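Enquirer: Let's see this in three dimensions:
(one chain, ligands or ions: 1)
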Amino acid sequence: MARAMAVTALSHVYPLGSRINEAGRLEVGGCDVVRLADEYGTPAYVVAEDDLRARARNFRAALSTHHGESGEVLFASKAFPCTAAYRVFAEEGLSCDVATGGELALALRGGFPPARIYLHGNAKSPAELREAVAAGVGTIVVDNFDDLDNLAEAVPAGATQRVMLRVRPGVKPSTHDFISTGQVDSKFGLGLDDARAAIDRLRASDRLQLAGLHMHIGSQIFELASFRKAVEAIAHLGDFPAYNLGGGLGVAYTAQDEPPAIDAYVEAKATAVREILGADKHLAIEPGRALVANAGVTLYRVMTVKRDLSTYVSVDGGMSDNLRPMLYGAVYEAAIADRLSPGGELCHVAGKHCESSDVIVRDAHLHDPRPGDVLVTPATGAYGHAMANNYNGVPRPPVIFCRDGESRVVVRRETYEDLAARDLV
Ligand code: PLP
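Expert: Okay, the predicted model is just below:
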């Protein structure tokens, strides 16, 4: 009975299909995470492959329902730039957005046809632009006038390149300033007046073929009305065959978070486009975190427990594997992998790094935490692996895909040799 109650207590923060197994332990993708920790070591990123696929299919189905067949779902790959993830989403028929030459190389390696790739960036180098053109990247999103000039030079005489223009609609959704991108003052895209001048220049270009407008107003957005406001703001820039409305759908980082459903988010964007811009438009959307965040959890091993004014449960990772709490004050939850029922002692989950800010979860509730426990933080599938770093000489964790009870390492753990691999002395 107690176990049955615990099973129902697992929230939507965990990957789809997660459960508490007969041994009372968290299971992700059919794999017991305590066993995974024993087998692969910690910290480790564990990803439920079927969760990635299910969310990709949900986005595609919702876009087809609300927009018909002239829609395109792009994986905003900065959230999880890992060859295995690119491969999964390429197989699921998504297109892909890359922000740099490095992400482009990974997307190609992961099997995305170049024609289904969009290249973004406010500071693309001429070399990155040449690489993208040479690779046959389908669409390059022009961010500013210098970018436009550099791209025109990168396209060989006689050739053409499909482009979109990134615009700033001047809409500020209610999300953290650091992940808000569509406001009047932002480093991304052109304001509406400059956009008009850029549109004129692009229309006059014989190498750059302007397909339409792009915007991304920010991330972790829960109120859908902002997306409509943004579409209204760009409507008077002209009539274009294609629009890319970026990403932005928020996700649940804690059990209390209730983001809109994928279907409601897609419907809001598709309806705004149909009603404001017209029924015949090609519509692209670029979900990042909404595809990957909840598919992943991070496993740590508890190293020490210090009961003082606060209780600090210190683990073997930290800001080298999850930078978001320190960058944006992002809030996560944590649990001991074999004692998951709600409640427990109030603790701070601290990392191992030499920074006071290296606290992964403040005010977590943990049941009797002790050294040796496997501790899990859910919803780390987005920007965990992507932002991982070697601060304090900590090797980056592996990525482990789980499906139907089988696990496979898709990114191996770094070694101390890797840490010195670029040293020339
Ligand atoms: N598109 C662009 C241009 C972005 O910069 C981002 C994220 O920063 C995304 C899409 C994905 O956003 P989200 O993770 O909010 O879906």
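
Enquirer: C-alpha from now on. contacts and neighbour counts both.
Expert: OK.

Enquirer: Determine the longest helix present in the protein.
Expert: helix 49-67 (DSSP state H).

Enquirer: hmm, it in reach of the ligand?
Expert: No - applying Cα under 6 Å from any ligand atom, one finds helix 49-67 out of contact with the ligand, separated by at least 11.7 Å.

Enquirer: tell me the average confidence for that helix?
Expert: What helix 49-67 shows for mean pLDDT is 98.

Enquirer: got it, and stretch 95-107?
Expert: Rounded mean pLDDT across stretch 95-107 is 98.

Enquirer: Kindly check the end-to-end length of that stretch for me.
Expert: 10 Å (Cα to Cα, to the nearest Å).

Enquirer: And stretch 163-171, by the same measure?
Expert: End-to-end distance for stretch 163-171, by Cα to Cα: 23 Å.

Enquirer: what's the answer for stretch 99-116, then?
Expert: One end of stretch 99-116 to the other measures 14 Å (Cα to Cα).

Enquirer: contacts for that stretch?
Expert: Under the contact criterion Cα atoms under 8 Å, 6 or more residues apart in numbering, stretch 99-116 has outside partners 77-78, 81-87, 90, 95-96, 98, 119-121, 124, 128, 131-132, 135-139.

Enquirer: give me that answer again for 6 Å
Expert: 83, 86-87, 90, 95, 98, 119-121, 128, 136-138 (Cα atoms under 6 Å, 6 or more residues apart in numbering).

Enquirer: Stretch 357-375 too?
Expert: 299-304, 319, 332, 335-337, 343-351.

Enquirer: Just the C-alphas of stretch 264-275, formatted as PDB.
Expert: What follows is stretch 264-275 as a C-alpha-only set of coordinates in PDB (Å, rounded to 0.1, in the frame of the first residue of the first chain):
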ATOM      1  CA  ALA A 264      -2.200  24.800 -26.200                       C
ATOM      2  CA  TYR A 265       1.100  26.400 -27.000                       C
ATOM      3  CA  VAL A 266       1.100  25.400 -30.600                       C
ATOM      4  CA  GLU A 267      -2.600  26.300 -31.000                       C
ATOM      5  CA  ALA A 268      -1.900  29.800 -29.600                       C
ATOM      6  CA  LYS A 269       0.900  30.400 -32.200                       C
ATOM      7  CA  ALA A 270      -0.900  28.800 -35.100                       C
ATOM      8  CA  THR A 271      -4.100  30.800 -34.400                       C
ATOM      9  CA  ALA A 272      -2.200  34.100 -34.100                       C
ATOM     10  CA  VAL A 273      -0.500  33.400 -37.400                       C
ATOM     11  CA  ARG A 274      -3.700  32.400 -39.200                       C
ATOM     12  CA  GLU A 275      -5.800  35.300 -37.800                       C
END
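
Enquirer: Pull out the buried positions in it.
Expert: For stretch 264-275, a neighbour-count test (16 or more other Cα atoms under 10 Å) marks 265-273 as buried.

Enquirer: again with stretch 144-155
Expert: Of all the residues in stretch 144-155, those buried under the rule 16+ other Cα under 10 Å are 144-145, 147-148, 150-152, 154-155.

Enquirer: and it, is it in reach of the ligand?
Expert: No - shown here: stretch 144-155 not in contact with the ligand (Cα under 6 Å from any ligand atom), separated by at least 13.8 Å.

Enquirer: how far does that stretch sit from the chain's center?
Expert: Relative to its chain's centre, stretch 144-155 lies at 28 Å (Cα atoms, centre = their mean, to the nearest Å).

Enquirer: one step back: would you reformat the buried residues of stretch 144-155 as JSON lines and include distance to residue 39?
Expert: Shown next, in JSON lines, are the buried residues of stretch 144-155 (distance: Cα to Cα, whole Å):
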{"residue": "144", "distance to residue 39": "49"}
{"residue": "145", "distance to residue 39": "52"}
{"residue": "147", "distance to residue 39": "48"}
{"residue": "148", "distance to residue 39": "50"}
{"residue": "150", "distance to residue 39": "49"}
{"residue": "151", "distance to residue 39": "48"}
{"residue": "152", "distance to residue 39": "52"}
{"residue": "154", "distance to residue 39": "49"}
{"residue": "155", "distance to residue 39": "50"}
